[in-house]
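**Q** all I have is the shape, not the residue letters:
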């Protein structure tokens, strides 16, 4: 069974940065499109950013709320996808989840992803 484990969350002041990691196992990582979603208290889970299975580019379906602040990248040698988050705002507070889809091409639809991690909490104080 595919396993995804997120890490790197925590408490940070507004304007600060965090880098989330998602370690994948039991899959051929380079063949999977990877994505980050987040869910704030009382809200639905929302798409953040995605990267295609080939690693040749990022999805064009970027969430407007994080454009120019969050960057997604992957290291196929480490089976890991990263989310670099800069200029954090209190409204970025949420549980962040990584997701995987075989041959994924950056879909922003969570229904397209068959594998999910357990999530990591990010809290941004004002």
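**A** It's in. Treat the numbers as computed from the prediction; the structure is a model and nothing was measured. Numbering: from 1, shown residues only.
**Q** contacts for the strand or helix carrying residue 21?
**A** Using DSSP states H and E, residue 21 maps to strand 18-25. If you take C-beta atoms under 8 Å, 6 or more residues apart in numbering as the criterion, strand 18-25 is touched by 2-10, 12, 32, 34, 36, 78-85, 88, 96, 98, 100, 117, 120, 122. Just so you know, the C-beta spots here come from the backbone N, C-alpha and C atoms, and that holds for glycine as well.
**Q** 6 Å - rerun?
**A** Residues from elsewhere that reach strand 18-25 (C-beta atoms under 6 Å, 6 or more residues apart in numbering): 3-8, 12, 79-85, 96, 98, 117.
**Q** list only buried entries from those.
**A** Neighbour counting over the contacts of strand 18-25 (16 or more other C-beta atoms under 10 Å) leaves 4, 6, 8, 12, 79-83, 85, 96, 98, 117 as the buried ones.
**Q** dump the residues you listed to TSV, plus pLDDT and distance to residue 47.
**A** Formatted as TSV, the buried ones among the contacts of strand 18-25 follow (pLDDT from 0 to 100; distance: C-beta to C-beta, whole Å):
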residue	pLDDT	distance to residue 47
4	98	16
6	98	16
8	97	19
12	98	22
79	96	22
80	97	20
81	95	14
82	96	17
83	96	12
85	97	15
96	98	12
98	98	12
117	98	15
